[in-house]
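# Build me a model from this:
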Amino acid sequence: MSFSDQQLEIIQPNIEKYVNGIVFCDKDAEDIIQNVNLILIKKRLEFNPSKKLLHWALRFVVSKLKNIYKIKKDGTEGMLTVSYTH
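Take a look at the predicted model:
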């Protein structure tokens, strides 16, 4: 199954709010949101309509953020380092 472009538009504010709450650099947040949207569009046929689209989409957001940000292991608790992998 799939979801419509309109359904994707409806959840955009939620995705943006989530990403902007974690990523404080506007440009980085914008890039992440755009990348996640591309992933969602490419994987739209994998979407199970019995699930909530926002929950499914946020899985990709969290995965993308995990790939980008790593918590430093050197004792500087709470510090994040950016590790871009393109």
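# which stretches of this protein form helices?
5-22, 26-42, 53-68 (DSSP state H).
# List the buried residues of the longest one.
What it means is helix 5-22. Within helix 5-22, the residues scored as buried using 16 or more other CB atoms under 10 Å are 8, 11, 15, 18-19. Where C-beta positions appear, they are placed from N, C-alpha and C, glycine not excepted.
# from what I can see residue 40 touches residue 54, true?
No: at 10.9 Å, residue 40 does not count as touching residue 54 under the criterion of CB atoms under 8 Å.
# Same drill for those two, tell me which one is more crowded.
Neighbour totals were compared for residue 40 and residue 54, and residue 40 leads with 20 against 14 (other CB atoms under 10 Å).
# distance between the ends of stretch 46-57?
End-to-end distance of stretch 46-57: 11 Å, with CA to CA, to the nearest Å as the criterion.
# got the CA positions of stretch 7-21 in CSV?
Provided in CSV are the C-alpha atoms of stretch 7-21 (Å, rounded to 0.1, in the frame of the first residue of the first chain):
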residue,chain,number,x,y,z
GLN,A,7,-1.1,12.8,3.8
LEU,A,8,2.6,13.5,3.8
GLU,A,9,1.9,17.2,3.8
ILE,A,10,-0.3,16.9,6.8
ILE,A,11,2.4,15.3,9.0
GLN,A,12,5.1,17.8,7.9
PRO,A,13,4.6,20.2,10.8
ASN,A,14,5.0,17.3,13.2
ILE,A,15,8.2,16.1,11.5
GLU,A,16,9.6,19.7,11.4
LYS,A,17,8.8,20.3,15.1
TYR,A,18,10.4,17.0,16.1
VAL,A,19,13.6,17.7,14.1
ASN,A,20,13.8,21.4,15.1
GLY,A,21,13.5,20.4,18.8
